[in-house]
Structure formats: C-alpha cells, structure tokens
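Asks: Here's a sequence, model it:
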Amino acid sequence: MNIQVLGTGCPMCIQLMKQTERAVAELGLPVEVGKVSEIDDILAFGIMMIPALAIDGKIKLVGNVPPLNELKEIIKKG
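Replies: Presented below is the predicted three-dimensional model:
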C-alpha cells in the first residue's frame, strides 16, 4: 500500500499528514506516508483542491481532514 498526502504545506495539509501518520500507526500498518507538495505533481492527480489523500495512486479524499476514525476506515478500504 502506498499512501500519499497531497498539499503545499497549508495548516490543513499539515494536519492531514499528522492524522494520516497517526491512523497508519494505530492501524499497525507497515506503510510510510509520503508527501506530494509540488503544484504540478498535485495537479497531475487531477484535483483542484487540497489537502488530498491518495492510496495506491487513487484519490480517496479531497479538501478536508476527516476525524481519525473516518480516516482509518478510508485507509483500511484502500
């Protein structure tokens, strides 16, 4: 599983990164969370709003930071 947080460094982007790392740790997944911060790379995913979450190259979340339990469910479903 490859998890990426897409964002330029805004407060919501930072919060999503922290929440995602926490969710992965609490789920006990041997996964590193990557960060995509370059605008051109973010736009290549076909989104116009940040932060966003991609799992295995597919966008799963755009424009918000969900509660931890909801984020865990998104990650579990992949």
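Asks: Show me where the chain has its helices.
Replies: Using DSSP state H, the helices found in the chain span residues 11-27, 39-43, 68-77.
Asks: Out of the ones you listed, flag the one nearest Val33.
Replies: helix 11-27 (5.1 Å; CB to CB). Heads up, the C-betas are built off the backbone N, CA and C, glycines and all.
Asks: packing partners for that closest one?
Replies: With contacts defined as 3 or more CB pairs under 8 Å, 6 or more residues apart in numbering; DSSP states H and E, helix 11-27 has these neighbours: strand 3-6, strand 33-36, helix 68-77.
Asks: Check the average confidence over the longest one, would you?
Replies: This means helix 68-77. Averaged over helix 68-77, pLDDT sits at 96.
Asks: helices or strands up against it?
Replies: helix 11-27, strand 52-55, strand 58-62.
Asks: Buried deepest among the helices and strands packed on helix 11-27, which one?
Replies: Comparing the helices and strands packed on helix 11-27 by mean neighbour count (mean count of other CB atoms under 10 Å), strand 3-6 ranks first with a mean of 24.
Asks: which residues are in contact with that strand?
Replies: 13, 16-17, 20, 24, 31-37, 41-42, 45, 47, 50-55, 75 (CB atoms under 8 Å, 6 or more residues apart in numbering).
Asks: from the middle of its chain, how far away would that strand be?
Replies: 4 Å (CA atoms, centre = their mean, to the nearest Å).
Asks: what lines up beside it in the sheet?
Replies: When pairing is defined by DSSP bridges, strand 3-6 lines up against strand 33-36 (parallel), strand 52-55 (antiparallel).
Asks: hmm, who's touching the first one?
Replies: Going back to what we said before, that points to strand 33-36. So strand 33-36 is in contact with 2-7, 17, 20-21, 24, 42, 45, 54, going by CB under 8 Å, 6+ apart.
Asks: how far is that strand from where the chain is centred?
Replies: With CA atoms, centre = their mean, you get 7 Å for strand 33-36.
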